[in-house]
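Q: here's a sequence, model it:
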Amino acid sequence: MPVDTYEFYSERLGFRNWRETDIAKLYEINNDPAVMEYFPTLPTFGETGNFIRRMQDMYAARRYCYFAIDHLDSDRFLGFLGLCDQDYSSPFTPSVDIGWRINKEFWGMGLATEGAQKCLEYAFNVIGLKHVRSIAPKINMKSIRVMEKIGMQCLGSFKHPKLKKFPKLANCVCYETTEIDFFSE
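A: Predicted coordinates:
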């Protein structure tokens, strides 16, 4: 894929806006029980398309979203990694969240950490954000480890209002990094 396709890239990942052709690819990732272990339901094809259109709209308005990501060496679509506005009711919102969902074939390679670091650099250097947060169920230790590897600090825990009907997932943690913390490391 041509380099000008990407908004930015890390050593191994290209970050871009979404295409309609990504719907089927993300739907496949969304329907892998291992990938979705810490989510209450598996999104339908229609919900996946709606998510992508919402990300396209957010990108057009804000210059960020949960970006579609491609593995540069293999030119394969891997899922998403990026920034998204969160405004549900909690002690930690509204805020800009950093999040990821990656095809499990590419787990264990440090791609989430590498990509999240690059997204934080983009958030602070290009977008001009002052802080970025990340939310995960307390039992999602894989995501929490990534948050810690990228220098985020735990702000506290809370009951996620969108997960009330899912007691296993409802207890969540919020991590944060600030522009000052990011550049002082």
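
Q: how far away is Lys168 from Ile102?
A: For Lys168, the distance to Ile102 equals 22 Å [C-beta to C-beta, to the nearest Å]. Placement of C-beta: from N, CA and C, glycine included.

Q: pretty sure Arg145 sits in a strand.
A: No - according to DSSP: H, G, I helix; E, B strand; the rest coil, Arg145 belongs to no strand; its state is helix.

Q: neighbours around it, how many?
A: Using other C-beta atoms under 10 Å, Arg145 has 12 neighbouring residues.

Q: ok, it to Arg54 distance?
A: Arg145 is 28 Å from Arg54, where distance means C-beta to C-beta.

Q: equivalent analysis for Glu176, please.
A: For Glu176, the distance to Arg54 (C-beta to C-beta) stands at 24 Å.

Q: those two: which has the busier surroundings?
A: For Glu176 and Arg54, the more surrounded residue by other C-beta under 10 Å is Glu176, and the numbers stand at 18 against 14.

Q: residue contacts, that one?
A: Phe92, His131, Val132, Arg133, Ser134, Met152, Gln153, Leu155 (C-beta atoms under 8 Å, 6 or more residues apart in numbering).

Q: any idea which helix or strand carries it?
A: strand 171-178 (DSSP states H and E).

Q: now whichever helix or strand comes after that strand: how far from the chain's centre is it?
A: Once the chain leaves strand 171-178, the next helix or strand it forms, by DSSP H and E, is helix 179-184. On the basis of C-alpha atoms, centre = their mean, to the nearest Å, helix 179-184 sits 20 Å off its chain's mean C-alpha point.
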